[in-house]
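S.K.: Build me a model from this:
(one chain, ligands or ions: 1)
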Amino acid sequence: MREQELSELNPIILKIGGSVITDKSGELAVRMQDINRLAEEIRDANVKNLVIVHGGGSFGHPIAQKYGISSGFKQENQRIGFAETHHVMTVLNGLFMDALIWREVPAVSITPSSCIMTKHGRIQCFEETPLRALLKMGFLPVTFGDAVLDLELGFTILSGDQLVSHIATRLNAKHIIIGVDVDGLYDADPKVKKTAKRFKHLTLEELKKLKGSFGKTTACDVTGGMFGKIAELIPAIEKGIPVKIVNASKPNYIYKTLKGERVEGTLIEKE
Ligand code: IP8
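M.R.: Just a heads-up that it's a prediction; the model follows:
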């Protein structure tokens, strides 16, 4: 496969948040019904050139937090913590892969810790040729936030959102869909403040101005909650890739969004 062939894929990047496929108030608490429903929606939408990235939820985050994996290698006992964090992510990923493959979706898992290294937490090298080749051959690559090795810190946590932004930018994505467990981006946490107002549309400038006003998440999240997640997408939006934030916990929202149908949510565009 020629290098040029591989660079003209313009995929859709779909992020499924950890809060959608797991219960973040627990530990290792999977939401299997939602995983199965999403697998059906993804199968039925039948989108060519799709990349899925999922988050860690109650699998990756509590263990990463317990061992302080994000801030790097400092003491011996973190080694088992790194291994455990990565392992539980592969378990969660395996459950998602099962759901897709049993529904005859040709999904293939890409494990970040095997093909990515970060430097101070930022992606430094990513062997992305297999990802491009999988897309070219009509597979559905599925990857996830993971514990990865870091050139300066020893190791760290790579969020699914940094991965989304990086893949979208490198592969010149058509658009990004962020599936969360609320109806979009709000001016406050809608789970805490009932009067929180949803943004229907934001430009990059408006988003940058808002950045400081996002509150901290209440659930265990080592990659910065909603604020960290949306801030990660800025480089992709800067490149002109639109981002749609929709409620993936509501049946058919991901199906409709993949099909290009309108659902309530937040659209963020460069201008
Ligand atoms: O849920 C982090 O990914 P995210 C994954 O997308 C781990 O932030 C291992 C905590």
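
S.K.: Spell out which parts of the protein neighbour the ligand.
M.R.: 18, 55-56, 60-61, 64, 85, 89, 145-147, 157, 159-161, 222-223 (Cβ under 6 Å from any ligand atom). Where you see a C-beta, it was placed from the backbone N, CA and C, and this is true even at glycine.

S.K.: can you tell me which of these are in helices?
M.R.: Among these, the members found in helices (DSSP state H) are 18, 60-61, 64, 85, 89, 160-161.

S.K.: Export those to CSV and append columns for pLDDT, neighbour count and distance to residue 172.
M.R.: Listed next are these as CSV, based on pLDDT from 0 to 100; neighbours: other Cβ atoms under 10 Å; distance: Cβ to Cβ, whole Å:
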residue, pLDDT, neighbour count, distance to residue 172
18, 97, 30, 27
60, 98, 31, 28
61, 97, 26, 31
64, 98, 28, 31
85, 98, 29, 31
89, 98, 28, 27
160, 97, 27, 20
161, 96, 24, 18
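
S.K.: Report the two of the residues you listed separated the most.
M.R.: Maximum pairwise distance in those, criterion Cβ to Cβ, is 16.9 Å, between 85 and 161.

S.K.: For the chain, which segments count as helices?
M.R.: 3-6, 18-21, 32-45, 57-67, 78-101, 112-115, 129-136, 160-170, 204-210, 225-232, 234-238, 253-258.

S.K.: And for the nearest residue to residue 32 once chain neighbours are set aside, the neighbour number?
M.R.: Nearest non-adjacent residue to residue 32, counting by Cβ to Cβ, 6 or more residues apart in numbering: residue 95, 6.9 Å away. Counted with other Cβ atoms under 10 Å, residues neighbouring residue 95 total 16.

S.K.: measure residue 95 to residue 120 for me?
M.R.: Per Cβ to Cβ, to the nearest Å, residue 95 is found 32 Å from residue 120.

S.K.: repeat for residue 24
M.R.: Following Cβ to Cβ, the distance that separates residue 24 from residue 120 is 27 Å.

S.K.: more neighbours, these two?
M.R.: Taking other Cβ under 10 Å, residue 24 and residue 120 do not tie; residue 24 has more neighbours (24 against 11).

S.K.: Leaving out chain neighbours, which residue sits closest to whichever residue of the stretch 101-250 of the chain sits closest to the ligand?
M.R.: Proximity of the stretch 101-250 of the chain to the ligand (Cβ to the nearest ligand atom) peaks at residue 145, 2.0 Å away. Nearest residue to residue 145 in three dimensions, chain neighbours excluded: residue 160, at 3.7 Å (Cβ to Cβ, 6+ apart).

S.K.: show me what contacts that neighbour?
M.R.: Shown in contact with residue 160 (Cβ atoms under 8 Å, 6 or more residues apart in numbering): 15, 17-18, 53-56, 143-145.

S.K.: quick check, nearest of those to the ligand?
M.R.: For the contacts of residue 160, with the ligand as the reference and Cβ to the nearest ligand atom as the criterion, the closest is residue 145, at 2.0 Å.

S.K.: Which residue of this structure lies farthest from its centroid?
M.R.: residue 76 (29.6 Å; Cα atoms, centre = their mean).

S.K.: what's the pLDDT at that one?
M.R.: We note a pLDDT of 98 for residue 76 in this prediction.

S.K.: same question, residue 35
M.R.: In this model, residue 35 carries a pLDDT of 98.

S.K.: from memory it sits against residue 21, does it?
M.R.: Yes - counting by Cβ atoms under 8 Å, residue 35 does reach residue 21; the two are 5.2 Å apart.

S.K.: the more surrounded of those two?
M.R.: Set residue 35 next to residue 21 and count neighbours by other Cβ under 10 Å: residue 21 wins out with 28 against 22.

S.K.: List the contacts of residue 244.
M.R.: By Cβ under 8 Å, 6+ apart, the neighbours of residue 244 are 175-178, 257, 265-268.

S.K.: Perfect, that will be all.
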